[in-house]
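Asker: below is the sequence, then the predicted model.
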Amino acid sequence: MSKKVNSTKMTKKQIENTVRGVLYTVLIILGLAIAYIYWFGAAFSLCGISGCSGGGFGVSYNPEAVKSALLWSGIVAAAAPLLIFFISKFKWWWLVIALVTLVATPLIGATLIGAGLDGYPKNRINNSSNSSSGGVKY
């Protein structure tokens with residue numbers, strides 16, 4: 001008679017891979033969650049407490065804070081894949097993921113909050129413009 005094989009038993013290697021995958025997932029999610037906090041700060045700095053409509057206290061532009069917050073969101077989000085790069089014995093694709101994340105996170109954040117690359121809202125009124133579009137900068 002043959003012995004029954006218990007197929008539910010995991011090997012040590014399978015357990016290590018599962019734990020490593022969970023750790024990597026937690027690190028990536030944590031990095032993106034902190035990046036979202038920077039996006040919120042950038043959105044708040046974009047037009048001030050009253051928003052871009054100018055109601056209440058009026059519009060308050062702070063392009064340096066917007067650009068800084070978006071840059072830090074990319075750095076924080078890229079820190080997780082960079083940390084995984086060192087943990088995973090220098091597997092090169094984590095370095096590529098870190099570099100793509102470093103560039104993509106601020107650009108996606110700027111698009112979502114409606115900021116241009118100059119740190120101002122994309123649709124702000126430019127008073128020095130004499131264009132026929134009503135002074136709206138696109």
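Answerer: Thanks, I have the structure now. Numbering: from 1, shown residues only.

Asker: quick one: the helices in this protein?
Answerer: Ranges of helices within the chain are 12-47, 63-87, 92-113, based on DSSP state H.

Asker: could you check the pLDDT of the closest residue to Thr18 other than its chain neighbours?
Answerer: Computed as CB to CB, 6 or more residues apart in numbering, the closest residue to Thr18 that is not its neighbour in sequence is Met10, at 7.6 Å. (C-beta placed from N, C-alpha, C; glycine too.) On pLDDT, Met10 comes in at 75.

Asker: same question, Lys67
Answerer: Lys67 is given a pLDDT of 88.

Asker: Leu70 too?
Answerer: 90.

Asker: what's the neighbour count on it?
Answerer: Using other CB atoms under 10 Å, Leu70 is surrounded by 26 other residues.

Asker: was I right about it contacting Leu112?
Answerer: No: using CB atoms under 8 Å as the test, Leu70 is too far from Leu112 to be in contact (10.4 Å).

Asker: which of the helices of the chain sits most buried?
Answerer: Comparing the helices of the chain by mean neighbour count (mean count of other CB atoms under 10 Å), helix 63-87 comes out on top with a mean of 19.

Asker: now it against helix 92-113, angle please.
Answerer: Between the axes of helix 63-87 and helix 92-113, defined by axes from the mean of the first three to the mean of the last three CA atoms, to 10 degrees, the angle is 160 degrees.

Asker: between the helices of the chain, which gets nearest to Asn123?
Answerer: Among the helices of the chain, helix 12-47 comes nearest to Asn123, with 10.5 Å by CB to CB.

Asker: what helices or strands is that closest one leaning on?
Answerer: When contacts are defined as 3 or more CB pairs under 8 Å, 6 or more residues apart in numbering; DSSP states H and E, helix 12-47 packs onto helix 63-87, helix 92-113.

Asker: got the contact list for Ala77?
Answerer: 31-32, 34-35, 101-102, 105 (CB atoms under 8 Å, 6 or more residues apart in numbering).

Asker: quick revisit: can I get the helices and strands packed on helix 12-47 in CSV including distance to Leu23?
Answerer: As requested, those are arranged in CSV below (distance: least, CB to CB, whole Å):
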stretch, distance to Leu23
helix 63-87, 8
helix 92-113, 13
